[in-house]
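A.B. asks: fold the following and give me the result.
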Amino acid sequence: MKKLVFYPILFSINPILLLLAANISDVALIQLFPVVLVSPLIAAGLMWLLNKWLKDIHRTGLIVFLLTFWFFHYGTVHLWADAIHIGPVSLGTHWIFFPLWAIIFIFLMSGFLWRRITSPQTITLFLNLVCMVLVAFSIIRISLDLIPRYTTHPTLSQSLQSIPPPTSTSDLPDVYYLIIDGYARSDVLQEIYHYDNSSFIDSLEDKGFFIASQSQSNYMQTALSLASSMNMEYLSGLPTTVPDRGQLIGMIQHSAIRAIFERLGYKTVAFSSGYQATDIANADYYFSSTRSGNSHDLEALLLINSAAVVLIEQGWIGVPISRYSTEQERVSYTFSTLANEVPVIRGPKIVFTHIIAPHPPFIFDQAGPITPDEYYILADGDRFSGGAEEYKRQYVDQLVYINNQLLLAVDNILAKSQNSPIIVIQADHGPGAYLDWSSPDNTCMKERFSILNAYYLPGIDATVIKNDITPVNTFPLILNNYFGTRVQLQENQEYYSTWNNPYKFIDVTSVSQSSCDIP
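C.D. replies: Down below sits the predicted model:
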């Protein structure tokens, strides 16, 4: 441990692992490659070259370690420095901070300082141990999110396990579960967004849909909402101190609903959503547009947090982050495939798709795609860069476009399906013009919890559907009426939780429909 200088190699990996650990629920693991291989190769190459020159492996290791720290952590320290002001000038101004940051590290790497070090082997031992601990910590942190994704399996009640398999699958209806992210209920659109959505609602009703006009979501975050609805239960017993969503990803990808329908002879059909929690890539049929795999968000985060941020802010280099055009193509591809390819897949199927719209960023106006080269960054509520009025205006424009695409898709599904299908068009939560991610008191609960919830249930009397049905009861309703189960419907409950503490639920059922004090 004193003689082997390997800590620069480990430390060159650690910034990558740290960023992945901090964003593990939002960044696909595949993005770790090839950057996790390139960085240590560069560090090893620098060590080889410097050691040829200096003939001192211990000093070489320290210099490469310091260079790595200087490059990868510039952006992070710069953010702290930006809050410090000397008179009217911020210390974080690049023309001040960059040379200061460089001078500090030049001094730390200098021969003047090195000649005063009496035990280089001790430094090597210490940094070897520190870097081993850092890398181990990041790997453990990543594993805590990844393991539940693959070890979570639904627990089905005895009655659900004993559903008799059908003697024939030819008469079974296809089931479409279409999640339209952040789609508001009509009365909220009228009250808060000053938009009349009745023409869309009337069109759905003319096609035979029942609209639950008082429906609310049970949770106000996508992964929480879908983990609940797709397992027909409220989320209890989850560790409140864990910020990651690996448990929820496992519950969505290996849901009770999927298990039940596959036992009934159904195939699972899913789409690339652009949001890791709802990407069921191991479905029997998985549809993805040609550009869906081109995201390099982890590399973008690395650059933004590194000394390269100086060049980025000057516009000299671009950030390899998703653009509007990629997500516009994803949404268009999803609607097109839903309308044309999916209905003609033979055999009964359960179709799941999550369309991240009208949720911001606002990549469509009423006529279609806009500003294709803009960076695509998911940010809602108080993280939205514009104000509430801009949010509402752009939200309505995008909603109008999504309405048109939904109606076209529904028409094709109904026309091309061999048997009359079951179709659920449901929002995971409402919009967030007045959402505060850290404060329930500053959040308009009525806006966030009121959702579009539309049901096409052929052969079923609409009176069995309650006007205030919530997503946790969606599939009990379907299973009970079409497959003879007796799943107990649950009382409607609504829970708020902050983004950083998603499992610390605050019961807001009693205030979720209170009018908001909106300027």
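A.B. asks: give me the neighbour count for Ser229.
C.D. replies: Residues lying near Ser229 (other Cβ atoms under 10 Å) number 26. (Glycine included, C-beta is placed from N, CA and C.)
A.B. asks: hang on, I meant Val400
C.D. replies: Using other Cβ under 10 Å, Val400 has 18 other residues around it.
A.B. asks: cool, and Asp441?
C.D. replies: 7.
A.B. asks: kindly report the same for the one 4 residues further on.
C.D. replies: Here the number of neighbours of Met445 (other Cβ under 10 Å) works out to 24.
A.B. asks: same check, this time on Pro369
C.D. replies: 16.
A.B. asks: try Leu156
C.D. replies: 16.
A.B. asks: quick one: contacts for it?
C.D. replies: 256, 259-260 (Cβ atoms under 8 Å, 6 or more residues apart in numbering).
A.B. asks: who wins for most neighbours among those?
C.D. replies: Ile260 (22 neighbours).
A.B. asks: so it sits in a helix?
C.D. replies: Yes. Counting by DSSP: H, G, I helix; E, B strand; the rest coil, one finds Ile260 located in a helix.
A.B. asks: what separates it from Leu178, distance-wise?
C.D. replies: 19 Å (Cβ to Cβ, to the nearest Å).
A.B. asks: number of nearby residues for Ile84?
C.D. replies: Ile84 has 11 nearby residues by other Cβ under 10 Å.
A.B. asks: repeat that for Glu390.
C.D. replies: Neighbours of Glu390 using other Cβ under 10 Å come to 14.
A.B. asks: pLDDT (mean, whole number) over the host helix or strand of it?
C.D. replies: Remark: Glu390 resides in helix 388-416, with elements defined by DSSP states H and E. Mean per-residue pLDDT for helix 388-416: 98.
A.B. asks: stretch 498-506 now?
C.D. replies: 92.
A.B. asks: ok, now stretch 191-210?
C.D. replies: According to the model, stretch 191-210 has a mean pLDDT of 97.
A.B. asks: so which bits of it are buried?
C.D. replies: 191-193, 195, 197, 200-201, 203-204, 209-210 (16 or more other Cβ atoms under 10 Å).
A.B. asks: next: stretch 320-340.
C.D. replies: 321-331, 333-339.
A.B. asks: now, which of those lie within helices?
C.D. replies: With helices taken from DSSP state H, the overlap with the buried residues of stretch 320-340 comprises 324-331, 333-339.
A.B. asks: what is the nearest of these to Ile506?
C.D. replies: Glu327 (31.6 Å; Cβ to Cβ).
A.B. asks: right, and that closest one touches Gly274 too?
C.D. replies: Yes. With contacts counted by Cβ atoms under 8 Å, Glu327 reaches Gly274, the gap being 5.8 Å.
A.B. asks: can you tell me which of the buried residues of stretch 191-210 is closest to Gly381?
C.D. replies: Ile192 (13.9 Å).
A.B. asks: chain center to stretch 133-142, what's the gap?
C.D. replies: The chain centre lies 22 Å from the centre of stretch 133-142; the measure is Cα atoms, centre = their mean, to the nearest Å.
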